[in-house]
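> need a 3D model of the following:
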Amino acid sequence: MAPAPALAAPGDLAAYARARVAEADGAVADAARDYAHVLADRPNDTVLALRSYREAVRAGDDALADRAAAALAAQKALPSDAALLALASAAHDGDRAAATAALARLDGDRLRILAAPLRGWLALDAGGDPFAALATVPDEPVARRFAAETRALLLVATGRVDEGLAAVRALGGDDLAAFDERVAAARLLIGQGKSDAARALLTEGAGALRIEPRRAAKPTLAFGAAHLFTRVAADLAAGDAGPLTYTLLRAALRADPGNDRARLLLSGVLARDDALDAGLAVLDAIPADSAYASIAATGRVQMLAEAGRDEAAMAALARLTVAPGAPDGDVQRLADLYMQLDQPARAVPLYKRLVERAGERGDWADWLQYGAALDGAGQWPAARGALERAVALGPDEPLALNHLGYALILHRERMAAAQAMLEKAAALKPDDAAIADSLGWALYLRGQAARALPLVQRAAMADPANAEIGEHLGDLYWQAGRRFEARYAWTAARETAAAPDIARLTGKIDRGPTE
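Reported below is the predicted structural model:
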């Protein structure tokens, strides 16, 4: 248990208690306000100063964060990540001396992996050689990766565009981190008047992640630091929120207050950290003309839905539209959101738009998502055609094989061919729980229950929260005469089942299957 601060005055004690409660409830602004009140009276209390610092960073209260950091520095208890905030402020203000001092604090610390890239941007900012600084990178895989990414951007920033773009492409990957790197390079290109090159770079992959940045970038320390901090935070944000994630994102926004990519990440981190209202407030700060406005709008719906605020989520969803000429990324995001919220009929015309736009360039994934939406919307003949096209374009893609094979099984069509597809999918991806369940269910429906049961058991162990798999397992147990285990499996499935399925599962638990 962390030590408590030594409080004496009743007013201090009450404010501290309010701050702790607000902190636990995700009311970050209220918590920061009360911590500020107590810290003003007790600046030498190390425990209080550290709590104030952490909550101020979480809440984005820069004044309190700096005041708490000063109190901790006076007591030689300043956390190492505070150097990132100091560097961000210096970068934003163009204070190279302060930036140099902040960078020195990273040496010898766990954050040393960021020092060489930041020194490269500082050198460029000062008119020096940015590449010499990169030569000092520690011999650690993560440090080398960040240095390579920074080198690619520095090549673009210094006018060596062909080399820089080749380096960006050589980094590889089609994930969000790779696309963030391309967006950063594109912004530098736009700043050099090379909009066509920027647009070409951004058409490479990304799907629903695709955006078209509208802000040009100057190759400053502020730009480089904000991008690097956001880049590292994006890796960390996938896990549990921690102090460093908050510090990186708040530092990114200090260095570049227009960094809406950092705002998107921060909103999600806050929402997952039981501070949904604070996360929504961060999204509110993303302007309507931002390149990230569409992602923010769909993100708002997802955050509300995941928090169980269904009415607010549906209201926000109802406000979302995409114009006929909207970029593919905007169309993809909204269609995906409709599918996540079990509204496939509304996703169908959007996926159709993407397929038609792609034309001959359309791949198996384009047709798979279109077919899945059609199937979910009850348009089976059209869905079958789209799914068959997906398999034709991706004959060795387990996802396409699984979806068509399972759909055929459910519709009791071409059962032998469907089973063959599912067996091929299982061979290609043997550890996939959904595919194992699909194959098991196909075997069961075709009278091969003995082969089916171990497959569905394995799938249920791999994905115990999947209600459909749990229901299948219960049905197989019942058919095998294992009634107690069947009811147990159905009861477990009912815990995570969608509302329309609960009554059916309850009926099975009470009376067994009716079919």
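
> low pLDDT regions in the protein?
For the chain, applying pLDDT under 70 flags the ranges 1-11, 173-174, 204-211, 515.

> just list the residues touching the residue nearest to R119 when sequence neighbours are not counted, thanks.
In this structure, R119 finds its nearest non-sequential neighbour in A133, 3.8 Å apart by CB to CB, 6 or more residues apart in numbering. Where C-beta positions appear, they are placed from N, C-alpha and C, glycine not excepted. Shown in contact with A133 (CB atoms under 8 Å, 6 or more residues apart in numbering): 116, 119-120, 122-123.

> please redo it, this time with the cut-off set to 7 Å
Applying CB atoms under 7 Å, 6 or more residues apart in numbering, one finds that A133 lies in contact with 116, 119-120, 123.

> among those residues, which pair sits farthest apart?
A116 and A123 (10.4 Å; CB to CB).

> which of the two has more neighbours?
Neighbour count, other CB atoms under 10 Å: between A116 and A123, A116 has more, with 22 against 19.

> before we move on, what SS does the residue nearest to the more buried one when sequence neighbours are not counted have?
Spatially, and ignoring its direct neighbours in sequence, A116 is nearest to V137 (4.0 Å; CB to CB, 6+ apart). Secondary structure assignment for V137 (DSSP: H, G, I helix; E, B strand; the rest coil): coil.

> around V137, how many other residues sit close by?
So V137, with other CB under 10 Å, has 22 neighbours.

> for T247, see how far away it is.
22 Å (CB to CB, to the nearest Å).

> need the contact partners of the helix or strand that contains L72.
Per DSSP states H and E: L72 is located in helix 62-74. If you take CB under 7 Å, 6+ apart as the criterion, helix 62-74 is touched by 32, 35-36, 39, 43, 46, 49-50, 52-53, 56-57, 78, 82, 85, 254.

> one step back: which helix or strand contains the residue nearest to R119?
A133 is located in helix 130-134, with elements delineated by DSSP H and E.

> check the offset of that helix from the chain's centre.
Centroid separation between helix 130-134 and its chain, computed with CA atoms, centre = their mean, to the nearest Å, is 31 Å.

> right, and the helix or strand after that helix?
Using DSSP H and E, the helix or strand that follows helix 130-134 in sequence is helix 141-157.

> what comes into contact with that following helix?
Helix 141-157 has contacts (CB under 7 Å, 6+ apart) with 113-114, 116-117, 120, 124, 130-131, 134, 137, 163-165, 167-168, 171, 181, 184-185, 188-189, 219, 228.

> OK, contacts around the spatially closest residue to A497 that is not a sequence neighbour?
Excluding the flanking residues, the one nearest A497 by CB to CB, 6+ apart is A467, at 3.9 Å. By CB under 7 Å, 6+ apart, A467 lies in contact with 493, 496-497, 501.

> PyMOL command for the buried members of these?
Applying 16 or more other CB atoms under 10 Å to the contacts of A467, the buried members can be selected in PyMOL as follows:
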select buried, resi 493+497
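
> among the contacts of helix 62-74, name the ones in strands.
Within those, no residue falls in strands by DSSP state E.

> now which of those would you call buried?
32, 35-36, 39, 43, 49-50, 52-53, 56-57, 78, 82, 85, 254.

> could you chop this structure up by domain?
1-78, 80-241, 258-341, 342-393 (automatic domain parsing).

> now the spatially closest residue to D289 that is not a sequence neighbour: how far from M339?
Take D289 and drop its neighbours on the chain: the residue closest to it by CB to CB, 6+ apart is R214, 7.0 Å away. Distance from R214 to M339, counting by CB to CB: 28 Å.

> between these two, which one's more packed in?
Ranked by neighbour count (other CB under 10 Å), R214 and M339 place M339 first, with 19 against 11.

> got the phi/psi numbers for the more buried one?
Main-chain dihedrals, M339, degrees, to the nearest 10: phi -70, psi -40.
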